[in-house]
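[1] can you look at this prediction? I've put the sequence above it.
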Amino acid sequence: MNVLLIPAFRPLSELPALLQDISSRIPDAVLILVDDGSGSSYQEIFEECSEIPHVRVVHHEVNQGKGAALKTGFDFAIREIPQLTRIITADADGQHSPQDIALMVQTADAHPQSLILGVRHFNTEVPLRSRFGNQLTRLLVRFLVGQPLRDTQTGLRAIPRHLLPTLLTLPSRRYEFELEMLIAAKHHGCPIHEQEIETIYLDGNASSHFNPLLDSVRIYFVLFRFTVLSLLTAIVDNSVFFLVHYLTGMLGLSQLLGRVTAILFNYRSVRRAVFLSSEPHHVLFPKYILLVLANGLIAYSLIRLLHENFSTPILFAKISVESVMFFVNFIIQRDFIFKSKKVVPPETDDTSAVTTKVPSRETTC
């Protein structure tokens, strides 16, 4: 069964008409509307929405953020709709047309085990607040997930049921949740598929609650977590390395003690904060140690080569070698160490899912 999930904070008065149109195009779908603490002045809109067949309204007493609203909807759908096969998420501000929402259902039917992204076109007519940082974000996300994605912040998505439990464990609660969803899909073996949709911005996107500065900082913080942790690890590694080298003059011992100290600091942080991996330690740690040993051996050899054969200062040689290896290590960790080995079920036609009758009105507080 398809479930359409719309998080709404202080929605426009046109929202009931939008839900009516969607309901007519996807008559068998359940529509979950999450009121993210909009306040009493907006309750008339939500009450009108609750009168629409197959619409369920869930309320937050206070605003918690888009990510929190999405997770509330995920949890409600899993508990209340046993026949759930996927959730289609859409925004409440009119940016996603009913036609494109229906198109997402068709695309998801063709790729039932994939995360489907509704991709907009970013051109000069797109408002600055919506175009802000998009190109840089796409480049960084490509580095994070190893796949070029044209629209990393789209709110129109089709999410297969098997990915939902993982998404419920993500700590983020605001706009950065949608970026972490892409990272989680990558590391749990869920394919990501793109579907082109119409680009709609009403009144220069004035109805959007996206804060270009604050919310962009949250999003980029997700992207830079690996870099920050790597820099901190490098500080620990190099501090121990140069201290031991100063005291002993032994390159091999300095490299070994610096790397062992860095391992103890880096492994747990990267596993949980960057790659969102839930694989057990006995699976991950041996692979991680092998990578560290290989990395240490290669780095030691290159540093010694630069220092002894080309008279490169030891500090410059170490920083140069490990700066290059930073990118190689990330890719290896992304694709081989922290990527889940769980097998995603093969994509099959899910039209045989049983549809049950849903009450036409239910408001949950």
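    Everything's here; your move. Treat the numbers as computed from the prediction; the structure is a model and nothing was measured.

[2] contacts, neighbours, all on C-alpha from now
    Will do.

[3] quick check, His187 in contact with Phe336.
    No. Assessed by Cα atoms under 8 Å, His187 is found out of contact with Phe336, at 9.7 Å.

[4] for these two, indicate the residue with more neighbours.
    His187 (23 against 16; other Cα atoms under 10 Å).

[5] from Ile337, how far out is that one?
    10 Å (Cα to Cα, to the nearest Å).

[6] I figured Arg174 hits Asn63, correct?
    No. Contact criterion Cα under 8 Å: Arg174 and Asn63 do not qualify, at 10.3 Å.

[7] please enumerate the shared neighbours of those two.
    Residues touching both Arg174 and Asn63 (Cα atoms under 8 Å, 6 or more residues apart in numbering): none.

[8] mind listing the strands in the stretch 1-150 of the chain by residue range?
    Assigned by DSSP state E, counting those that start in this stretch, the strands in the stretch 1-150 of the chain fall at 2-8, 30-36, 55-60, 86-89, 115-119.

[9] using CSV, lay out the ones you listed together with mean pLDDT and distance to Val240.
    Shown next, in CSV, are the strands of the stretch 1-150 of the chain (pLDDT from 0 to 100; distance: least, Cα to Cα, whole Å):
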stretch, mean pLDDT, distance to Val240
strand 2-8, 96, 49
strand 30-36, 96, 49
strand 55-60, 96, 49
strand 86-89, 97, 48
strand 115-119, 95, 44
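
[10] turn those into JSON lines, columns for mean neighbour count and distance to Ala108.
    Converted to JSON lines, the strands of the stretch 1-150 of the chain look like this (neighbours: other Cα atoms under 10 Å; distance: least, Cα to Cα, whole Å):
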{"stretch": "strand 2-8", "mean neighbour count": "26", "distance to Ala108": "10"}
{"stretch": "strand 30-36", "mean neighbour count": "26", "distance to Ala108": "16"}
{"stretch": "strand 55-60", "mean neighbour count": "22", "distance to Ala108": "21"}
{"stretch": "strand 86-89", "mean neighbour count": "26", "distance to Ala108": "8"}
{"stretch": "strand 115-119", "mean neighbour count": "25", "distance to Ala108": "7"}
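
[11] format the ones you listed as TSV; extra columns: distance to Val228.
    Below are the strands of the stretch 1-150 of the chain laid out as TSV (distance: least, Cα to Cα, whole Å):
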stretch	distance to Val228
strand 2-8	32
strand 30-36	32
strand 55-60	34
strand 86-89	31
strand 115-119	28
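
[12] do you know which of the ones you listed lies nearest Leu306?
    strand 115-119 (45.9 Å; Cα to Cα).

[13] partners of the closest one, with directions?
    Strand pairing for strand 115-119, determined by DSSP bridges: strand 157-160 (antiparallel), strand 192-196 (parallel).

[14] can you pull out the helices in the protein?
    Counting by DSSP state H, residue ranges of the helices within the chain are 15-25, 43-50, 66-80, 98-110, 128-131, 134-145, 164-168, 176-187, 214-248, 251-273, 281-309, 314-332.

[15] cheers, nothing more for now.
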